[in-house]
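A.B. asks: mind folding the following:
(one chain, ligands or ions: 1)
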Amino acid sequence: MDLDVSVLRLGHRVDRDKRMTSHLGLTARALGANRVILAGDNDKTPLETWRSVTSRFGGDFECRYEPKPMKWLKSFSKSGGKIVHLTMYGKSWKESIREIPIDGKVVIVVGGTKVPGELFGIADYNIAIGNQPHSEVAALAVFLDTYLGPVGEERFEGGEVSVMPSEDGKVLITKDDP
Ligand code: SAM
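C.D. replies: The predicted model follows:
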């Protein structure tokens, strides 16, 4: 079974996490996750951002809002999915990453507001990117890069535009370019 990776953002706060949450979903998309699931405040802004970037830059990245994340996680686990909880209290990702399956369904959980204590118990892996407090976006980026490696451009087909890497400027190719 192919690997299918979701990112679950717990505890989104509409009054203070807009940019952080939007960047978290963009990072999930760019570094190879299949979808991002928003929990906490039901805020349309991040969802609109993720859908707009996916439409413009391509790929089939999905996003949705989940009103009952802990219930969803328990059901996900019961159906055989693996839960990776990114937390500064966890085991080092460098040692643990090899234990995490590279097939089947995996969800990577990051917090915002205080994370429910029960999450540590239902997670299959509690993984730290160092044991110092920093950011969910940084933690997700480092974890995904180590877990999935380089993401090929084929993941982002069908967009309106694509970037041509350049040494000295911005080169954007639109799909109508000859
Ligand atoms: N105040 C929240 C709490 O105590 O649960 C956490 C705030 S922290 C800025 C938000 C999220 O970033 C955490 O829930 C965790 O997912 C992630 N994070 C922060 N530092 C991390 C680290 N060193 N390793 C892994 N994840 C980390």
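
A.B. asks: C-alpha only now, for contacts and for neighbours.
C.D. replies: Will do.

A.B. asks: where does the chain come near the ligand, residue by residue?
C.D. replies: Contact residues, the chain versus the ligand (C-alpha under 6 Å from any ligand atom): 86-88, 110-115, 128-136, 139.

A.B. asks: which among those residues end up buried?
C.D. replies: 86, 87, 88, 110, 111, 112, 128, 129, 130, 135, 136, 139 (16 or more other C-alpha atoms under 10 Å).

A.B. asks: and those residues as a markdown table, adding distance to residue 74?
C.D. replies: As requested, those are exported to a markdown table (distance: C-alpha to C-alpha, whole Å):
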| residue | distance to residue 74 |
| --- | --- |
| 86 | 17 |
| 87 | 19 |
| 88 | 22 |
| 110 | 16 |
| 111 | 17 |
| 112 | 19 |
| 128 | 22 |
| 129 | 24 |
| 130 | 27 |
| 135 | 25 |
| 136 | 22 |
| 139 | 23 |
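
A.B. asks: pick out the most distant pair among those.
C.D. replies: Comparing all pairs in these by C-alpha to C-alpha, the longest separation belongs to 112 and 130, at 17.7 Å.

A.B. asks: out of the buried ones among the residues of the chain next to the ligand, which are inside strands?
C.D. replies: Under the assignment DSSP state E, those contribute 86, 87, 88, 110, 128 to strands.

A.B. asks: my guess is the first one meets residue 127, correct?
C.D. replies: Yes - with contact defined as C-alpha atoms under 8 Å, residue 86 and residue 127 form a contacting pair (4.9 Å).

A.B. asks: what sits closest to residue 29 if chain neighbours are left out?
C.D. replies: Nearest non-adjacent residue to residue 29, counting by C-alpha to C-alpha, 6 or more residues apart in numbering: residue 61, 6.3 Å away.

A.B. asks: how close does the one you found sit to the ligand?
C.D. replies: Look at residue 61 and the ligand: by C-alpha to the nearest ligand atom, to the nearest Å, they are 21 Å apart.

A.B. asks: which residues touch that residue?
C.D. replies: 29, 33, 34, 35, 54 (C-alpha atoms under 8 Å, 6 or more residues apart in numbering).

A.B. asks: ok, now how distant is it from residue 26?
C.D. replies: From residue 61 over to residue 26 the distance is 10 Å, taken as C-alpha to C-alpha, to the nearest Å.

A.B. asks: great, nothing more from me.
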